[in-house]
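> give me the fold of what follows.
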Amino acid sequence: VSCMGAKDEDVFLMATYVILALNSHYGYTGAEPRSEAPETGEEDMRASQYNQPNPIVQVLDKDRAMGELFSEAVLHLLNGQSYPYDDPVLLGQLLYMVRAVFSTRATSEFFHTTDLRVIVDILIRQIRDLSPEDEFRGDYLRILHLILINARSLHKYRSKDIQDAVEFVLASAENGMLPLSCAFAVRILLDCMFELEGVHRQ
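Modelled structure (predicted):
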């Protein structure tokens, strides 16, 4: 983590890549490491019930100066990802890291409010732009769901656009069918719609 303060951009990015790779070996909380089994999405719900983040997030959270540098690097890399992907493995690690951060309310404020809004912008854009078959679309939806349930300060941000994005996903499903990950992600995201609708009407 100390390498995050390096002035050399190559060293800075290399440190970011190493942290992302290390994080992929841990669970969202201190409970269980990442499994190679197919994901059902239930791990997001379990993770949101605990306040202890995984070791990587813990270290970054304790050193806020280094954590801030790391969050900026993650946001920069995430914003540069679009289909066709130059490095699908890196994108997967980035999304896994973001999910780890937003898996608890204790760490959901890891990103500054402005950066959080940029993340939501990215999520909405990707959810609308990616095809139903894209393997990462479900991950973007799950992260958006975690933000909605844990980052309370952002519930008023682009609530109508979030609803429109979910409706777009449902409308684009062929014969009413979605890949399992997207189907689950849409279902848990719809759990938040009542609150979002209430905010929009106010």
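> which non-adjacent residue is nearest G67?
The shortest distance from G67 to any non-neighbouring residue, by Cβ to Cβ, 6 or more residues apart in numbering, is to L60 (3.9 Å). Just so you know, the C-beta spots here come from the backbone N, C-alpha and C atoms, and that holds for glycine as well.
> did I read that right, V166 in a helix?
Yes: if the criterion is DSSP: H, G, I helix; E, B strand; the rest coil, then V166 is within a helix.
> neighbours of it, how many?
Residues near V166, counting by other Cβ atoms under 10 Å, number 22.
> which residue is the nearest non-sequential neighbour of it?
Leaving aside its chain neighbours, V166 sits nearest to L189 (5.6 Å; criterion: Cβ to Cβ, 6+ apart).
> I figured that neighbour hits E167, correct?
No: using Cβ atoms under 8 Å, L189 makes no contact with E167, being 10.8 Å away.
> ok so, going back, where's the residue nearest to V166 relative to M14, distance?
Counting by Cβ to Cβ, to the nearest Å, the gap from L189 to M14 is 35 Å.
> list the buried ones in the helix or strand that contains K160?
Element membership of K160, judged by DSSP states H and E, is helix 159-171. Neighbour-count burial for helix 159-171, counted by 16 or more other Cβ atoms under 10 Å, picks out 159, 162-163, 165-166, 169.
> centroid-nearest residue for the chain?
Nearest residue to the geometric centre of the chain (Cα atoms, centre = their mean): I143, 3.5 Å.
> how close does that residue get to Y96?
Plainly put, I143 is 10 Å away from Y96 if you go by Cβ to Cβ.
> any stretches of this protein with poor pLDDT?
1-9, 28-53, 155, 174-177, 180-181, 184, 188, 191-202 (pLDDT under 70).
> what about the strands in it?
Taking DSSP state E, the chain contains no strands at all.
> where along it do the helices fall?
Secondary structure of the chain (DSSP state H): helices located at 9-23, 42-47, 55-62, 64-79, 88-101, 113-129, 137-150, 159-171, 180-190, 193-201.
> good, we can wrap up now.
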